[in-house]
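Q: no sequence on hand, only this structure:
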C-alpha cells in the first residue's frame, strides 16, 4: 500500500509576504500568545526558561524573578525567544505548525527605571503589587523575527518569513 505525500511537503514556494502584511501577522500572533521560552546564556552555558510575556508592538516584556536568567542577561544581553501556537502540538495537520523565533537584545528594568511601570501594567496586576515585588521587568527588543507558518504555503507564500529591524533580510 503506497501513501501519497501531502502537497504541503513537496510544494516549493518562495514568495514573500509584503512587509506590512508580515508585520501585521507577527503583531497579531504576538498579541494572541502569552507564554514563550526565553533563552539566555553566560560563559557558553545556554538556559531556556518558559515565561509569561506581554507585547507592545514588537517589544516583549516579561516579569523576571531573581534567578539565572537575570544574571545571564546582565552578562550577555543577546537573547532568543521561541513562541509557538499550541494547537499544533496535538494536531495532525501540518498547516497548523506556526511559531516565531526571535533574535533580540534584552534590558532589565527595575522599579526606579523609566518604562518599568508601563511594562508592569501590561500584565494587568494591581500597581500595589509592583511596590512589593523584588524582580525586574525584562524588555526584549527584537533584531530579527523568523516566522514559520506551514499554512502560508496553502496561501502561495513561503512557510518561512523574516522580519528584520534593519529591514535587511539575508
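A: That came in fine, so what should we check first? In this text, all values refer to a predicted model and were calculated from it rather than measured experimentally.
Q: so residue 124 versus residue 87, what's the distance?
A: 24 Å (CB to CB, to the nearest Å). Every residue, glycine included, has its C-beta placed from N, CA and C.
Q: more crowded one of the two?
A: Counted by other CB atoms under 10 Å, residue 124 and residue 87 do not tie: residue 87 has more neighbours, with 11 against 7.
Q: so where does the closest residue to residue 33 other than its chain neighbours fall, helix or strand?
A: Sequence neighbours aside, residue 83 is the residue nearest to residue 33 in space, at 5.3 Å (criterion: CB to CB, 6 or more residues apart in numbering). For residue 83, the host element (DSSP states H and E) is strand 78-84.
Q: which other helices and strands contact that strand?
A: Applying 3 or more CB pairs under 8 Å, 6 or more residues apart in numbering; DSSP states H and E, we find strand 78-84 packed against strand 35-42, strand 98-109.
Q: partners of the first one, with directions?
A: Same thing as strand 35-42. strand 45-52 (antiparallel), strand 78-84 (antiparallel) (DSSP bridges).
Q: export the ones you listed as TSV, with columns for mean neighbour count.
A: Listed next are the strands paired with strand 35-42 as TSV, based on neighbours: other CB atoms under 10 Å:
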stretch	mean neighbour count
strand 45-52	13
strand 78-84	19
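Q: quick one: closest of those strands to residue 116.
A: Closest to residue 116 of the strands paired with strand 35-42 is strand 45-52 (CB to CB; 16.7 Å).
Q: turn the strands paired with strand 35-42 into JSON lines, columns for mean pLDDT and distance to residue 148.
A: Putting the strands paired with strand 35-42 into JSON lines (pLDDT from 0 to 100; distance: least, CB to CB, whole Å) gives the following:
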{"stretch": "strand 45-52", "mean pLDDT": "96", "distance to residue 148": "18"}
{"stretch": "strand 78-84", "mean pLDDT": "98", "distance to residue 148": "9"}
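Q: do you know how far the residue lying closest to residue 73 once chain neighbours are set aside is from residue 29?
A: Leaving aside its sequence neighbours, residue 73 sits nearest to residue 106 (CB to CB, 6+ apart; 4.8 Å). Relative to residue 29, residue 106 is positioned 20 Å away (CB to CB).
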